[in-house]
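>>> test case, fold it:
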Amino acid sequence: MADKNDKVPENVSGKFYVDNSCVPCNDCLEEAPQLLKYTDDESKVYFHRQPANPEEAIAARKAKEICPVEAIGDDGE
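Numbering: from 1, shown residues only. Here you go, the predicted model:
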């Protein structure tokens, strides 16, 4: 389960975030490429923007569901 107290610093503020348990497997990027990016050193993924419409919110939830290490959370601020 993602920890909102251990977020990847690059995440934008909002409901969805990636925490530091991320292992950049690329699965979430396939679900929500419009919302997620790799950090500059490609060691983690982060939300570079929050969902702006229902379709993007669905994509973010799918990315969360597919994450093999449960590094994506939806209880952020």
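
>>> phi, psi of the residue most central in space within the chain?
In the chain, the C-alpha closest to the average C-alpha coordinate belongs to Val18, at a distance of 4.1 Å (C-alpha atoms, centre = their mean). Per-residue torsions, Val18: phi -120, psi 140 (degrees, to the nearest 10).

>>> I'd say it and Lys7 touch.
Yes. Applying C-beta atoms under 8 Å, one finds Val18 in contact with Lys7, separated by 7.1 Å. The C-beta positions use only the backbone N, C-alpha and C, and glycine is treated the same way.

>>> quick one: buried residues of the helix ranked longest in the chain?
The longest helix of the chain (DSSP state H) is helix 54-66. Across helix 54-66, burial judged by 16 or more other C-beta atoms under 10 Å covers Glu56, Ala57, Ala59, Ala60, Arg61, Ala63, Lys64.

>>> possible to save these as JSON lines with pLDDT?
Conversion of these to JSON lines gives the following (pLDDT from 0 to 100):
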{"residue": "Glu56", "pLDDT": "98"}
{"residue": "Ala57", "pLDDT": "98"}
{"residue": "Ala59", "pLDDT": "98"}
{"residue": "Ala60", "pLDDT": "98"}
{"residue": "Arg61", "pLDDT": "98"}
{"residue": "Ala63", "pLDDT": "98"}
{"residue": "Lys64", "pLDDT": "98"}
